[in-house]
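# Next come a sequence and a model predicted from it.
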Amino acid sequence: MQSLQDRIREAIEEEIHAGKLKPGSQLDERALAEQFDSSRTPVREALLMLAAQGLVTIAPRAGIFVHQATMAELVAMFETLAEMEGVVARLATQRIGAAGRAALVSAFEQGRAYVEAADMPGYVEANRAFHDVLYHATANPYLADQIRMLRRRLAIYGRHRGLINPARMPGSFHEHGLIVAAVLEGNADAAASEMRAHISAGGKAVADLVLMAQDAYCESAGSTVAR
């Protein structure tokens with residue numbers, strides 16, 4: 001049976017990832033205890049676990065806040081994602097079979113219609129499916145799980161704009177095409193290089209994340225629960 005502290009931790013974590021609790025928002029132990037009809041001890045333990053995950057910052061004499069990543073942290077996370085996705089592309093190219101190649105082409109082509117229709121939600125889902133095909137082709141679920149965790153962490157800062165914005169859709173789709181071509185040619189080095197370029201988008205994606213973080217901080221700073 002799941003403990004009360006785990007239920008509280010999961011509920012707070014979900015609110016953070018859903019954007020209900022924004023970076024910089026202050027967390028009140030007493031209010032949380034009332035919300036979950038518990039004493040403050042399970043709440044405190046849940047918050048300590050979230051702090052260990054890097055989702056909460058406990059500042060002595062200041063309070064407890066949803067973690068607000070620094071610019072350096074965001075850049076580091078994004079650089080890590082680009083390198084990990086590059087490894088995915090390399091391994092997928094070396095291990096993908098005929099069924100995987102067909103699935104990759106199909107996932108790529110599905111994105112085309114969404115780009116032409118300027119359907120942002122549709123393209124976001126197509127993008128997820130495209131990358132999932134490559135994750136599956138690596139036959140390395142541990143690597144895929146680590147990437148998904150990092151993407152989820154980054155999405156906290158891009159909740160309102162997303163890691164892909166409408167202006168980025170055509171370029172993202174074109175880059176997918178370059179990755180597909182490299183994978184189908186069996187060129188693992190090119191696939192890894194194209195994937196890293198796709199994720200970093202020549203540095204623009206990193207700059208976007210920095211701006212998103214600044215916007216999130218400014219928005220939270222103007223709220224009643226912010227630092």
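Thanks, I have the structure now. Numbers count the residues shown, from 1 in each chain.

# Pop the domain breakdown of the protein in here.
For the chain, the structural domains run 4-67, 71-214, going by automatic domain parsing.

# which residues touch residue 136?
Residues in contact with residue 136 (Cβ atoms under 8 Å, 6 or more residues apart in numbering) are 100, 144. C-beta: built from backbone N, CA, C; applies to glycine.

# and it, helix, strand or coil?
Secondary structure state of residue 136, per DSSP: H, G, I helix; E, B strand; the rest coil, is helix.

# Could you look up the next helix or strand downstream of the longest helix seen in the chain?
Among the segments of the chain that qualify as a helix by DSSP state H, the longest is helix 71-95. Towards the C-terminus, the helix or strand next in line after helix 71-95, according to DSSP states H and E, is helix 98-116.

# What is that following helix packed up against?
If contacts are counted by 3 or more Cβ pairs under 8 Å, 6 or more residues apart in numbering; DSSP states H and E, helix 98-116 sits against helix 120-138, helix 169-185.

# Off-centre distance for whichever helix or strand comes after the longest one?
Same thing as helix 120-138. Beyond helix 120-138 in the direction of the C-terminus, DSSP H and E gives the next helix or strand as helix 141-155. The chain centroid and the centroid of helix 141-155 are separated by 7 Å, computed with Cα atoms, centre = their mean, to the nearest Å.

# next one: stretch 54-73
Relative to the centre of its chain, stretch 54-73 is centred 18 Å away, using Cα atoms, centre = their mean.

# Could I get the average pLDDT for that stretch?
Stretch 54-73 carries an average pLDDT of 90.

# How about stretch 105-114?
Taken as a whole, stretch 105-114 has a mean pLDDT of 96.

# ditto for stretch 127-135
Rounded to a whole number, the mean pLDDT of stretch 127-135 is 96.

# go on, stretch 187-196?
In this model, stretch 187-196 has an average pLDDT of 97.

# Please enumerate residues in contact with it?
With Cβ under 8 Å, 6+ apart as the test, stretch 187-196 has contacts from 82-83, 85-90, 92-94, 175, 178-179, 182-183.

# possible to save the helices and strands packed on helix 98-116 as JSON lines with distance to residue 67?
Shown next, in JSON lines, are those (distance: least, Cβ to Cβ, whole Å):
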{"stretch": "helix 120-138", "distance to residue 67": "24"}
{"stretch": "helix 169-185", "distance to residue 67": "28"}
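
# Out of these, the one nearest residue 13 is which?
helix 120-138 (20.3 Å; Cβ to Cβ).

# then that closest one to PDB, C-alphas only?
C-alpha atoms of helix 120-138 as PDB (Å, rounded to 0.1, in the frame of the first residue of the first chain):
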ATOM      1  CA  MET A 120       0.600  22.600 -33.300                       C
ATOM      2  CA  PRO A 121      -0.900  20.000 -30.900                       C
ATOM      3  CA  GLY A 122      -0.900  17.400 -33.600                       C
ATOM      4  CA  TYR A 123       2.700  18.100 -34.500                       C
ATOM      5  CA  VAL A 124       3.800  17.900 -30.800                       C
ATOM      6  CA  GLU A 125       2.200  14.400 -30.700                       C
ATOM      7  CA  ALA A 126       3.800  13.400 -34.000                       C
ATOM      8  CA  ASN A 127       7.200  14.600 -32.700                       C
ATOM      9  CA  ARG A 128       6.800  12.400 -29.600                       C
ATOM     10  CA  ALA A 129       5.900   9.400 -31.800                       C
ATOM     11  CA  PHE A 130       8.900  10.100 -34.100                       C
ATOM     12  CA  HIS A 131      11.300  10.100 -31.200                       C
ATOM     13  CA  ASP A 132       9.600   7.100 -29.600                       C
ATOM     14  CA  VAL A 133      10.300   5.000 -32.700                       C
ATOM     15  CA  LEU A 134      14.000   5.800 -32.300                       C
ATOM     16  CA  TYR A 135      13.900   5.100 -28.500                       C
ATOM     17  CA  HIS A 136      12.400   1.700 -29.200                       C
ATOM     18  CA  ALA A 137      14.900   0.900 -31.900                       C
ATOM     19  CA  THR A 138      17.800   1.400 -29.500                       C
END
